Each structure stands twice: as C-alpha cells, then as structure tokens.
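J.: Next comes the sequence, and after it the predicted model I'd like to discuss.
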4 protein chains.
Amino acid sequence: MGKKRGQKYEQIINAAVKVIAENGYHQSQVSKIAKEAGVADGTIYLYFKNKEDILISLFEEKMGTFVQFSQEKLASKTSVEEKLLLLIKLHLTQLEADYNLAIVTQLELRQSNLALRTRINEVLKGYLGLIDSILVEGIETGFFPESIDRRIARQVIFGSIDEVVTNWVMKDHRYKLKPLAEPLHKMLLNGLKQE
Amino acid sequence: MGKKRGQKYEQIINAAVKVIAENGYHQSQVSKIAKEAGVADGTIYLYFKNKEDILISLFEEKMGTFVQFSQEKLASKTSVEEKLLLLIKLHLTQLEADYNLAIVTQLELRQSNLALRTRINEVLKGYLGLIDSILVEGIETGFFPESIDRRIARQVIFGSIDEVVTNWVMKDHRYKLKPLAEPLHKMLLNGLKQE
Amino acid sequence: MGKKRGQKYEQIINAAVKVIAENGYHQSQVSKIAKEAGVADGTIYLYFKNKEDILISLFEEKMGTFVQFSQEKLASKTSVEEKLLLLIKLHLTQLEADYNLAIVTQLELRQSNLALRTRINEVLKGYLGLIDSILVEGIETGFFPESIDRRIARQVIFGSIDEVVTNWVMKDHRYKLKPLAEPLHKMLLNGLKQE
Amino acid sequence: MGKKRGQKYEQIINAAVKVIAENGYHQSQVSKIAKEAGVADGTIYLYFKNKEDILISLFEEKMGTFVQFSQEKLASKTSVEEKLLLLIKLHLTQLEADYNLAIVTQLELRQSNLALRTRINEVLKGYLGLIDSILVEGIETGFFPESIDRRIARQVIFGSIDEVVTNWVMKDHRYKLKPLAEPLHKMLLNGLKQE
DNA sequence: GATGAATGAGTATTCATTCAT
DNA sequence: TATGAATGAATACTCATTCAT
C-alpha cells in the first residue's frame, strides 16, 4: 500500500470527513464515501487498505499537518507562557475553522474500536510531544516548578482543551471557540506554575 | 419498559459490564450477555428495550449510584478545598476498584452513536452538577475569584480527571490511580484560585 | 382439549375477530388477543391448542352457525330458484352485518399456511354442501339440465359470491352488498339453467 | 432498484417460484431462494428491494407476460363468444402448464399482508381489463344485454375461473384443467347473455 | 382454572471487500 | 489505474408456548 499521496487520495480523505461529519461514523458506508469522492468503490482500496485505514489516514493527515504547522509557529515565540497560549489558540482555531473535522475528531473518531483507538493514540503522540516540549522548557527555565508531574500536567492540558472543544461541538458550535483560549490559558498556567 | 429493578435486572447489568469490558461493545452479542447473566436471550428484552438500552441503563445505574454516594460523602466536608479533593478521590477510587467498569465508561461507552451520546450526557449532568456546586460555593465564599468562567472551569476539571482515567485504562491500569488525586487536585485548585 | 364452550371461549373468539380485523393476521399476537379478551396469555391455551387453533375454531364457530341458520331458512323455500336467491342473500347479509368478520374470512384467514387452509376447506364443506343440495334438487326437478357439471357449477357459484364479497371488503365496504344479490342470482341462475 | 431485467433477475424469479411452490412462502428463506438460483444471498438484494419484492415482482413478471400474450391472441378472434372461450382456455392452460406457478399464485401469494395484496391487485388490473374489454364489446355489439352490471359480471367471471383453478391446485392437480374450459365457458356465457 | 414471567428457536438484511474486465 | 457487480458472514429481536405458583 504505502502512502500514495495523489489527487484521489486527498479527494477520498476530504470526502470521508464530509460524509462522516454529516452521517455519523456508522452511517458512513464505503460506497457513500466513494460516491462523495467521485470514484468507484473499488478505487478506495487502491489507496487505503480497508475502511479503518481511511479513518486513521484521515487523522494522520490532518493531525500531521496541524502538528507541523504548530511547531513552526511555536518557534517564533520565546516565552513558555506565550507558547502555551499559542498552542491553545491554534488548537481551537483549527477546529473552529473546520467544523466537520471537529465533529469527526471529537465525536465520530471515538466510536471506533479499541484497536483503532490505539493507533489514533500513536498519531496523537506528535501533538502530546508539543505539549511536553513546552513543559520541559518551562521546567528548565524555572517557569514551572521541578516537582511538577509532567504526565499529569500533559493530561490536564490535553484533557481540558479536548473537553472544551467537545462541549463546543456537542453544543452545535453555537458560541465562539477562540475567545475561550485566554481564560483556559490562564487557568492552566496558574495550575502549573504553583507548587 | 420502565425501570424494573429486580434481581435479573442487576444480573444483566453486571453481566453486560463484564462482557463488554472483555470483548468490546461490538463483540458483545446480546446472546453473550444473556449467557453470562444466566438468562435466556429473550429475557433481556423484558428488562431492556434494545441492546443500546442496556448500555445507557448500565451507565445510569452506576453513575446514579456514584453521584448519590458522592453527594452524601461531600456533605461531611466543610471546605471547598477538601470537597474538590474528595470528589477527585472518589472518582479515581471508584473506577480503580472496578476496572471493567472503567473500560466500559472510558472506552466502550464512547463508541455509541450521537443519539446515545446525548442520553449519556443527560446522565452526566448529575455529576457535572456536583462539580458546579463546589464551584458555586467556592465563589460565594471568596475562595475562587468572582471572575472565574464556571463553564470553562467545569470543563477543565472534568476533562482533566477524565483524561487521567482514560490514560490509566489505555495503559492497562499498570500504575496506581488514587495517588494521582493529590497532584491533580493541587494543579486544578491553583488553576482556579488565581486571577 | 375438546371444544370447551364457555364464556371465556366466546370472549377469546370474538376478541380474535376484532384484533385480527384491526391489525391483520401477522400483527395479531396471542398476547394482543388475550388482552382484548381480558384474560392472561396462558389462559388462551386452556381453551385452544395453539394460535392456529384459534383461527380454525373461529371459522368453525362462525361458519357452523351460519350453515345451520341457512339450512333452517332454506327449508322454508320450495323452489330451487328461491333457495339459491336466499342463500346468496344470507351470505351477503351475514358478512355485510359483520365487517370485521368479513375482513377476517375474506382476507386474513387466507394468509394462513397450507395446512391451515386444508382444515378451513374442511369446514367449508358444510357450506358447499348447501350449494350442492340446491344443485341436486334442481337437477332432480328438471330445473337444471342433467348434463350440468356439478363440481364446476358449485365452484362457479361459490367463486362468484366469494369474489363479490372480497371486492366489497377490499373497497372498504363503500357500497351496499345486499343489493348485489339479485343481479348475481340472475346471472348464476341463467348460467346454470341453459344447456 | 428499478426493474433490472437481466439473466440473474430471471434466475432468481424462477428459483423463487420453485422454492415457494415446494416449501410454502413462510418456509422459503431468502438463502434458500439464493441457493436455488445459484447466487449469493446478497445478490438477491441487488435485484429486489426485499423478500416481499421478490413475490410481487414474480407476479408482475408472469402476469404481465400472460396479459400481453393473451391480448395478442385475443385480437385474432372476432366474436365475443370466441374471445371469452379463448381467455378461459389461456388462463387454464398457462397454469396447467406450470403447476409450481399455479401453487404460488393460487395459494402462496395470498398469504401476503394487506399492503402486498393491494399491490397485487394493481397488477391484476391488467387482466381484469381484458375481461372488461370483452364485456364492453359484447354490450356494444348487442351480444350481451345493456342492463348487465359490468362490475358484477367481471367478478363472476374472474371469481369462477379463479375458484376452478384453486380447486384444481388444492386437489393436487389430479385431473385435467383445460377440459373444464368448455363447460365453464358455456355457463358463464349463458349467465351473461340472458336478461 | 388462571396467571404472566421466562424461554429460545429462527432469519432478513447490510456492507466491507474482492476481482474479472 | 479504475470499475462496480457480486459476495457471504454475521446478529438483534420477536413471539408462540410453557409451567411454577
């Protein structure tokens, strides 16, 4: 198989996001995705190993782009404080800008089975790495106390942002997401700074 | 249907937790649950409307018990600080004591479709109410600043605890969960107190 | 089993007619009939061997009464011509007076399987006997030609009346059935008389 | 769906006639029909919406062919008398030549629910139209009296032929059906001609 | 006689995947 | 590469019937 990046590959990924967001994971048959992508059912299997592979590839593709983009942006910030704020803003902004993608990542992707969940976590590591590097830098520069439990800190940061986004999706994105970055940032930062 | 609490009802709920934890939701055929519960397949349908109803009832049952139990325990604590710590401890302790239940609530329950998710959220409201009452009390007593955004605070608290538990489950409960209560509590409390 | 004629027996028969007419054969569960009859599900089995037995008993009961009643009435007529007219009128009148019964005999009873159909035909023999005796008398008195094929004649008479009633039922009994007796009688009589 | 006339479509229809005739409608599982047709279970659903659709399509197919064939044959006859005789003969001949089909149309098809019965009646209209056109022509040419009730006449003709065939099927086709055409024709014709 | 909780056999249908063209 | 017709495994749910009370 291998990652055949081609026009059709992108077409199918994007069709999958749209179809899954609109119909839900269990109502998104391969044939429906194929139709939306404008290809034959069988063509899907020239680019993806199976249906699960569409899902995981979709997540890899979107998440990979996001992590790389975030990494570059973060490099421009010098303080740990600013870096954390930027990361939160980027996270909220990306999903606010693509509601379909938000539905897929926050709700539908989690309907997959354990095996798939494990692979998704693998992809997530890139993102969690970003969080971790901020934490490491914060500790090294003395901004965060040495005694901090990095694993818990990472889970608090990710869990909080994730929960904020999920609530926004479940509430049909009826409010703005980006403005929540500042208060969320303040809360997380304070929680981490103190000892 | 109606909630027919009876011996068989409990039997089926507990069989479902075990079977779903061991096999995953999609590999937990009704017949498998019935066999584990020691009843006939058809008997399931005397107590539950359909397979989904087992899942939601299971959550209602367990979560309802937990919320009520927590509420009573919390009444014995006077300070907001202690209450938050106790809530976190109760949360972690309950799931650490029943790994099967933890698997179901953290992983399998989320594989359900949107309609079911909405009903699950309905049940969750009881728990979120507990968090909220602590926040309200904290603000009223001046322990938390007035300017705090209660919605975000609630999401940070729940999202953090939930993420901590999920990670513990995904890591095959290879470490102790309860000891994480203290550092988690400190982090959340500091995050909320400052302004 | 044996035909236990009792109050409950009648209750169940009449409940069955009502339930089947209103819900159709396949939507008439034993529990629904029991409820309509005001008895427990299990009680049904004290009076009937199984579900099919309700159907066949229902038909025996209603058809038996009808045949006996018709037989008595026919005895008062002297000419074959009048007898045939009376039989047709009785047939149409009985079913016009009980639309639910008509639905059951013309439509729902025929949804039963072959085995049941055979038993129903057994019951029908009483009615076909009435037709046959008129034919025999007609031939003996020279009213009908000797050359007539009695079997075909019987099938023509029964088939015609039956089709007329079925059409009336399928057309939601939107017109009067009894007035069709005269023209139907004339047609059948002429068809039989000539040679 | 649409009427995909293809080799497989025919195969399935013919397999259905055979299987249903031999096992009865309720004992004719889709898998049994598929096996007889030499296709996979799922293939059935590429050609038919559901199991009921096989039944109705089967009837449409066979009845449609029969009506068209009859219409062409009838055009060659000039007198109303001959036309009626031919129609009866064609009807009896077709079903005598295909006993399985006769079982299905006379017995099994009638085990369907009301909704299906309504659709079947729709298909029957073509055949009833043939009868009606003979009646109209007979009245116009003065062969039948003007006073005749066409609806009743049609029901008498159809009901008689249908009953004759049903009896033949129920009697396990132990006698010849075609010879009954002449006496049946004579009876119906006389019934209609007189006033 | 009467009840109704419990039983468990039985089947239409979907849809991811393949492969001949 | 691309197609799409064909495949066939897999399962929730109903309901007639029983039998302990």
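T.: Structure received.

J.: just checking, residue A:106 touches residue A:171?
T.: No: using CB atoms under 8 Å, residue A:106 makes no contact with residue A:171, being 11.4 Å away. C-beta coordinates here come from the backbone N, C-alpha and C atoms, glycine included.

J.: So for the two, which sits in the more crowded spot?
T.: Comparing residue A:106 with residue A:171 by other CB atoms under 10 Å in any protein chain shown, the one with more neighbours is residue A:106, at 18 against 9.

J.: Now do the contacts for the more buried one.
T.: Residue A:106 is in contact with A:95, A:162, A:165-166, A:169-170, counting by CB atoms under 8 Å, 6 or more residues apart in numbering or on different chains.

J.: how close does it get to residue A:115?
T.: In this view, residue A:106 and residue A:115 are 20 Å apart by CB to CB, to the nearest Å.

J.: swap in residue A:108?
T.: Residue A:108 sits 16 Å away from residue A:115, taking CB to CB as the criterion.

J.: Same check on residue A:174?
T.: Per CB to CB, residue A:174 is found 35 Å from residue A:115.

J.: quick one on the thing from earlier: if we check chain B, which of the contacts of residue A:106 are in contact?
T.: Among these, the residues within reach of chain B (CB under 8 Å from any CB of the partner chain) are A:162, A:170.

J.: Neighbour count says what about the contacts of residue A:106? Which are buried?
T.: Burial by neighbour count, 16 or more other CB atoms under 10 Å in any protein chain shown: within the contacts of residue A:106 this picks out A:95, A:162, A:165-166, A:169.

J.: which of those lies closest to chain C?
T.: Nearest to chain C, judged by CB to the nearest CB, of those is residue A:169 at 41.6 Å.

J.: picking that back up, who has more neighbours out of residue A:108 and residue A:115?
T.: Using other CB under 10 Å as the criterion, residue A:108 and residue A:115 rank with residue A:108 on top: 21 against 10.

J.: For the residue positioned nearest the centre of chain A, which non-adjacent residue is spatially closest?
T.: For chain A, the residue nearest the mean C-alpha position is residue A:63 (5.2 Å; CA atoms, centre = their mean). Closest residue to residue A:63 apart from its sequence neighbours, by CB to CB, 6 or more residues apart in numbering or on different chains: residue A:123 at 5.3 Å.

J.: try residue A:96
T.: Distances taken as CB to CB, 6+ apart place residue A:177 nearest to residue A:96, at 4.2 Å, with adjacent residues excluded.

J.: Can you pull the phi/psi pair for the one you found?
T.: phi -90, psi -40 (degrees, to the nearest 10).

J.: quick one: contacts for it?
T.: Neighbouring residues of residue A:177 by CB under 8 Å, 6+ apart: A:92-93, A:95-96, A:164-165, A:168.

J.: in what helix or strand does the residue of chain A at minimum distance from DNA strand F lie?
T.: Residue of chain A nearest DNA strand F, by CB to the nearest atom of the strand: residue A:42 (1.8 Å). If you go by DSSP states H and E, residue A:42 is part of helix A:41-47.

J.: what is the mean pLDDT for that helix?
T.: Mean per-residue pLDDT for helix A:41-47: 97.

J.: for stretch A:6-17, same thing?
T.: So the average pLDDT for stretch A:6-17 ends up being 95.

J.: Which elements pack onto the longest helix seen in chain A?
T.: Under DSSP state H, the helix in chain A containing the largest number of residues is helix A:114-140. Using 3 or more CB pairs under 8 Å, 6 or more residues apart in numbering or on different chains; DSSP states H and E as the contact test, the elements touching helix A:114-140 are helix A:51-75, helix A:80-97, helix A:150-170, helix B:150-170.

J.: please redo it, this time with the cut-off set to 10 Å
T.: helix A:51-75, helix A:80-97, helix A:150-170, helix A:181-193, helix B:150-170 (3 or more CB pairs under 10 Å, 6 or more residues apart in numbering or on different chains; DSSP states H and E).
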